[in-house]
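# Quick one: sequence plus predicted model below, questions after.
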Amino acid sequence: MSKKAYLDPGIVALSLFAFAIFSIARCTERSSSLGYVDYSGRLVNDLSYIRNMPTTGSGELFPFSCDRALVVVGDKCWFIRKDSTRLTPAFTDARSFSEGLAAVCPSSKPRKWGYINTGGVTAIAPDYHKAGPFSEGMAAVKLLDQEGWQFIDRAGKVAIKGSFEDVGKFSCGLASVRVDGKWGFIDKSGKFVIPPKWDKVGEYREGVVWLEQSSASTNIEPRRVYMDEHGVFLFECSAKNWSQDPFLHFPATAELLPDKVGGFDDENSVVHPFIEDGDCFDGLIVLKVGDKYGYCDRLGQIKIEPQFDYAWHFSEGLALVYVKRDKGLLGYIDRTGKVVVNFQFKRAGHFSEGLAPVSKREDRGWCYYNYIDKSGHEAISGPFLKAGAFSSGRAAVGEFHLIVP
């Protein structure tokens, strides 16, 4: 797994985008804070000692999940509790907790994956070549002596046999799987609900998923199909244009590129299994019409007229949108399309637990973040060179790229 800082997430769907907006920079002007802050901005988990650790490479603080947070420094991974104490010794590799279990790789030789519980005790023996997060009681694993993926339950027993080329996690009772290079969706019995004939797929959200087939002609604009959890067609629209995403130049965005959508076969994808693009959030879906973006409902009926140069999904009743005018700035709209936080930010993330990380200041490619509330007022002043999404009352902040001579 590549140790690149990019938000979790995975863990929590809304936090996945927030880490994508992190600006990771080698600089002399550093934030004095490194760790996790609470809603008041107080540093409640001070991890400043990490800066002095004898290691190379970059670091990564993941959001709290199951009251445990994954900390990655160079080639070491460990978990901390909310009182900052370490849960276990360091692992060679690890994933954040989900549903009370975390995939861990105890050593690099041999490189085997298993699962621990929130007490740090081994719950499922490290017998796997690769292991994904638990979701809806199942996790995708790849056996050491087999090429394909299958699913296990929380006891480590095989729940769905198979030899899938790649897989996603369960959501709304369905999981994406790849067979002969094509994606489809199976239910918890292993039966296909959507046949494997798609080149790209999203993740089910609120009973809706998008699917795409590559066009044989480059002159034809790719089309996106939406289906419900029964595989019933809902509507069709233009595919989202990735080249218009103003964040694609950021570090760690290789996971965002559309050549790999969903699944765990790429090691980086285990942390960020799906692109949160066009999925249904708060009953609204990002819709592209021509070169503008708006929002529709699950039947394809337009609810917010296409008028933005780029748009992201709703979170806690607000959505981040982008306009090119005035040098290209970000703002937030409500479910009626009304701008509730004016276009003023150079970088911004989704709202999580009532707060969102934003940046107005950019200096030589380095961004300085603070947090705002839903009225647009500053809630935590910062500035931070990183600012993650809030989860369990805490957010990861601070510069975390280790300077190595």
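Structure's in. What do you need?
# quick one: the closest residue to residue 133 other than its chain neighbours and residue 291, what's the gap?
Take residue 133 and drop its neighbours on the chain: the residue closest to it by Cβ to Cβ, 6 or more residues apart in numbering is residue 98, 4.1 Å away. Every residue, glycine included, has its C-beta placed from N, CA and C. Residue 98 sits at a distance of 38 Å from residue 291 (criterion: Cβ to Cβ, to the nearest Å).
# Between these two, tell me which one has more neighbours.
residue 98 (20 against 10; other Cβ atoms under 10 Å).
# For residue 51, give me the pLDDT.
Residue 51 is assigned a pLDDT of 70 by the prediction.
# SS state for it?
Of the three states, residue 51 takes helix according to DSSP: H, G, I helix; E, B strand; the rest coil.
# That one contacts residue 33, correct?
No. Contact criterion Cβ atoms under 8 Å: residue 51 and residue 33 do not qualify, at 11.5 Å.
# of these two, who's got more company?
Taking other Cβ under 10 Å, residue 51 and residue 33 do not tie; residue 33 has more neighbours (21 against 16).
# In contact with the more buried one, which residues are there?
43, 46, 48, 384, 397-398 (Cβ atoms under 8 Å, 6 or more residues apart in numbering).
# mind putting those residues in a markdown table, neighbour count, distance to residue 169 and secondary structure included?
Output for the contacts of residue 33, formatted as a markdown table (neighbours: other Cβ atoms under 10 Å; distance: Cβ to Cβ, whole Å; DSSP: H, G, I helix; E, B strand; the rest coil):
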| residue | neighbour count | distance to residue 169 | secondary structure |
| --- | --- | --- | --- |
| 43 | 16 | 33 | strand |
| 46 | 14 | 33 | strand |
| 48 | 12 | 34 | helix |
| 384 | 28 | 30 | strand |
| 397 | 28 | 28 | strand |
| 398 | 26 | 30 | coil |
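# Okay, helices next: where are they in the protein?
13-20, 325-328 (DSSP state H).
# least reliable of these going by mean pLDDT?
Here the lowest mean pLDDT among the helices of the chain goes to helix 13-20, at a mean of 34.
# Next one: the residue nearest to residue 133 from residue 117, what distance?
Using Cβ to Cβ, residue 98 is found at 12 Å from residue 117.
# Residue 384 too?
32 Å.
# who touches the residue lying closest to residue 302 once chain neighbours are set aside in this structure?
Among residues not flanking residue 302 along the chain, residue 296 sits closest, at 5.1 Å (Cβ to Cβ, 6+ apart). Counting by Cβ under 8 Å, 6+ apart, residue 296 touches 235, 237, 284-285, 287, 302-303.
# Could you save those as TSV and add columns showing pLDDT and distance to residue 359?
Below are those laid out as TSV (pLDDT from 0 to 100; distance: Cβ to Cβ, whole Å):
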residue	pLDDT	distance to residue 359
235	95	36
237	89	31
284	95	26
285	93	27
287	91	27
302	96	31
303	97	29
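# Out of those, the closest to residue 172 would be?
residue 285 (14.7 Å; Cβ to Cβ).
# If we ignore the residues flanking it in sequence, what's nearest that closest one?
Spatial nearest neighbour of residue 285, chain neighbours left out: residue 296 (5.5 Å); criterion: Cβ to Cβ, 6+ apart.
# Check the one you found and give its pLDDT.
Here the pLDDT value assigned to residue 296 is 95.
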